[in-house]
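How does the following fold in three dimensions:
(one chain, ligands or ions: 1)
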Amino acid sequence: MEKQEKPHVLVLPYPSQGHINPLGQFANRLVSKGLKATLVTTIFLSKTTQLVSGSVGLETISDGYDDGGFAKAESIEAYLDQIEVVGSRTLGKLIEKQASNGTPVKCLVYDAFFPWGLDLAKRYGIMGVPFFTQPWTVNNIYYHFYHGLLKVPVLDPMVSIPGLVPLRLEDLPGFISSPASYPAYLNMILSQFSNLEKADLVFVNTFEKLEVEVLSWMAKVFPISTIGPTLPSMYLDKRIEDDKNYGLNLYKPNNSACMNWLNTREPGSVVYVSFGSMAVLGDEQMEELAWGLRDSNSYFLWVVRSTEEEKLPCKFLEETSEKGLVVNWSPQLNVLAHPAVGCFVTHCGWNSVLEALSLGVPMVGLPQWSDQPTNAMLVEDIWGVGVRAEINEKGMVTRKEIELCIREITEGNRGKEMKRNAKKWRELAIEAVDDGGTSDNSINEFVLKLVYN
Ligand code: UDX
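You can find the predicted model right below:
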């Protein structure tokens, strides 16, 4: 393709790390396929972060809170209202600017959390494609709820949903099992389905063999293009030019401390612990986790964001200095890919799960909210690559439970089986994104659609 003829795609993530990573990496992959891709972030985030990757363009829109972002909004509702009103207006201006600069936009790939992206795309006569950052199992639950096929509050102990195994109440996404706790997020989640039938394509960050039944059930209703896992190719045994790293870090990783420390450890001897970018643990839960890690007697690398640090029990760092390293943010992909790491204690955010699965690392799940309980169920019951920690009657995971779950993976026979399963899932993830794999084919079909439309 000649340079000026490259179809131009704008990629709009929800402005948080767990959404910027998969959509940003998808933009990298589009560039590696010969398209021009521009990642659209908010003015506030562009002031506080740096784009690392060079091949994807970066543009900004306003979310209505240019001096402080989400933290400055009065409520979640206020933030979501503002980003829809101000965001769609400024995104419209950006689309016009690109046209007058000679790089007209042919398609808007928007985070499915922003269904207004499709209305905007249609208004400008360009393709509009929602990108779902969570597994289709979770979206299938939301889909049934949206269409009134699943009633809340859920009263039955087990829930049957077409395409899925029967689910326990506690395995449903937090927004469904306790709808009163997050009304604004629940509305946002449900609005993903409000205009889906008008979308030109539907992208999901998963791969076919990972969710065979639910994807084939959904295919009868509307087709879905699986394009995941969106890990940079180098973590999937490939080195594709322009597909090197996630590109936009909202936190500064402590690279050398983590990697130097891991380099001194035996293969499979380290437990990596991280709860992603948003989860907030209660003081007591943090304490149980800390002592559970100590009692597991394993080496551990624990990411405790600076806002959570004060919850560490006093004397913990002192007492465990021989065994553990605590950092505020890690280069997670490099950590999970390191041979020293043999177990991942995770909140089961979808990116973390896909990353661990693609890098063959078994997991201990301590899900917190949103899609995480369902993801943890998939990890243990469907894919056999981890265990989910049991919550006691006080809503806590005790230190003993944490210790036992870690030991089950690092010492038990079940742990060996999980490692074998994890290896198998890694191979299937690589197969999906490899040349001619199901996810690679979905992206190629999209590229052809853009080139010939
Ligand atoms: C959120 C939701 O909580 C999650 O459930 C949803 O599926 C996506 O959005 P988050 O909680 O941040 O995301 O978790 P996760 O999905 O795991 O994403 C975190 C990302 O940050 C991962 O890509 C991970 O590699 C990265 N990360 C995390 C780091 O690079 N360093 C760290 O120290 C921790």
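
And the pLDDT at residue 216?
Residue 216 is assigned 95 on the pLDDT scale.

my read is it is in a helix, agree?
Yes - assessed with DSSP: H, G, I helix; E, B strand; the rest coil, residue 216 lies in a helix.

give the contact list for it.
Shown in contact with residue 216 (CB atoms under 8 Å, 6 or more residues apart in numbering): residue 163. For every residue, glycine as well, the C-beta is placed using N, CA and C.

Any buried residues in stretch 161-181, and which?
Buried residues in stretch 161-181, counting neighbours by 16 or more other CB atoms under 10 Å, are found at 161, 163-164, 167, 169, 171-177.

got the CA coordinates for that stretch in PDB?
Presented in PDB, the C-alpha positions along stretch 161-181 are these (Å, rounded to 0.1, in the frame of the first residue of the first chain):
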ATOM      1  CA  ILE A 161     -27.900 -18.900  30.500                       C
ATOM      2  CA  PRO A 162     -27.700 -20.300  26.900                       C
ATOM      3  CA  GLY A 163     -24.200 -20.900  25.800                       C
ATOM      4  CA  LEU A 164     -22.800 -21.100  29.300                       C
ATOM      5  CA  VAL A 165     -22.400 -23.700  32.000                       C
ATOM      6  CA  PRO A 166     -24.800 -23.300  35.000                       C
ATOM      7  CA  LEU A 167     -23.400 -20.400  37.100                       C
ATOM      8  CA  ARG A 168     -23.500 -19.900  40.900                       C
ATOM      9  CA  LEU A 169     -24.700 -16.500  42.000                       C
ATOM     10  CA  GLU A 170     -21.200 -15.600  43.200                       C
ATOM     11  CA  ASP A 171     -19.800 -16.300  39.700                       C
ATOM     12  CA  LEU A 172     -21.900 -13.600  38.100                       C
ATOM     13  CA  PRO A 173     -20.300 -10.300  37.300                       C
ATOM     14  CA  GLY A 174     -20.500  -8.000  40.400                       C
ATOM     15  CA  PHE A 175     -22.800  -5.500  38.600                       C
ATOM     16  CA  ILE A 176     -25.400  -8.300  38.200                       C
ATOM     17  CA  SER A 177     -25.000 -10.100  41.500                       C
ATOM     18  CA  SER A 178     -25.300  -6.900  43.500                       C
ATOM     19  CA  PRO A 179     -26.900  -4.400  41.000                       C
ATOM     20  CA  ALA A 180     -27.700  -1.800  43.700                       C
ATOM     21  CA  SER A 181     -24.000  -1.300  44.400                       C
END
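
mean confidence score for it?
92.

at contact distance from the ligand, anything in it?
No - on the criterion CB under 6 Å from any ligand atom, stretch 161-181 is out of touch with the ligand, staying 9.1 Å away.

Check the offset of that stretch from the chain's centre.
How far stretch 161-181 lies from its chain's middle: 19 Å, per CA atoms, centre = their mean, to the nearest Å.

Near the ligand, which residues of the chain? Just list them.
For the chain, the residues in contact with the ligand (CB under 6 Å from any ligand atom) are 17-19, 21, 133-134, 253, 274, 276-279, 303, 329-330, 332-333, 349-352, 355, 370-372.

Mind checking which of those land in helices?
Applying DSSP state H to the residues of the chain next to the ligand, the entries found in helices are 17-19, 21, 332-333, 350-352, 355, 372.

What's the ChimeraX line that selects buried ones from those residues?
Buried subset of those, written as a ChimeraX selection, criterion 16+ other CB under 10 Å:
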select :17,18,19,21,332,333,350,351,352,355,372
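
Closest one of the ones in helices among the residues of the chain next to the ligand to the ligand?
Nearest to the ligand out of these is residue 18 (CB to the nearest ligand atom; 2.1 Å).

and the closest one, what does it touch?
Listed by CB under 8 Å, 6+ apart, the contact set of residue 18 reads 133, 276-278, 349-351.

Let's see that with 7 Å instead.
Contacts for residue 18 (CB atoms under 7 Å, 6 or more residues apart in numbering) come out as 133, 276-278, 349, 351.

For the ones in helices among the residues of the chain next to the ligand, which two are the farthest from each other?
Farthest pair in these (CB to CB) is 333 and 372. Separation: 19.5 Å.

Flag the shaky bits of this protein, pLDDT-wise.
1-4, 51-53 (pLDDT under 70).

In it, spot the helix with the most residues.
Longest helix in the chain, counting by DSSP H: helix 76-100.

tell me what that helix is packed against?
strand 57-61, helix 116-123, helix 183-191 (3 or more CB pairs under 7 Å, 6 or more residues apart in numbering; DSSP states H and E).

again, 10 Å this time
With contacts taken as 3 or more CB pairs under 10 Å, 6 or more residues apart in numbering; DSSP states H and E, helix 76-100 sits against strand 8-12, strand 36-42, strand 57-61, strand 105-111, helix 116-123, helix 183-191.

The residue of the stretch 151-300 of the chain found nearest the ligand - how many residues pack around it?
Nearest residue of the stretch 151-300 of the chain to the ligand: residue 276, at 2.7 Å (CB to the nearest ligand atom). Neighbour count of residue 276, defined by other CB atoms under 10 Å: 20.

now swap in residue 75 and tell me
If we define neighbours as other CB under 10 Å, then residue 75 has 9 of them.
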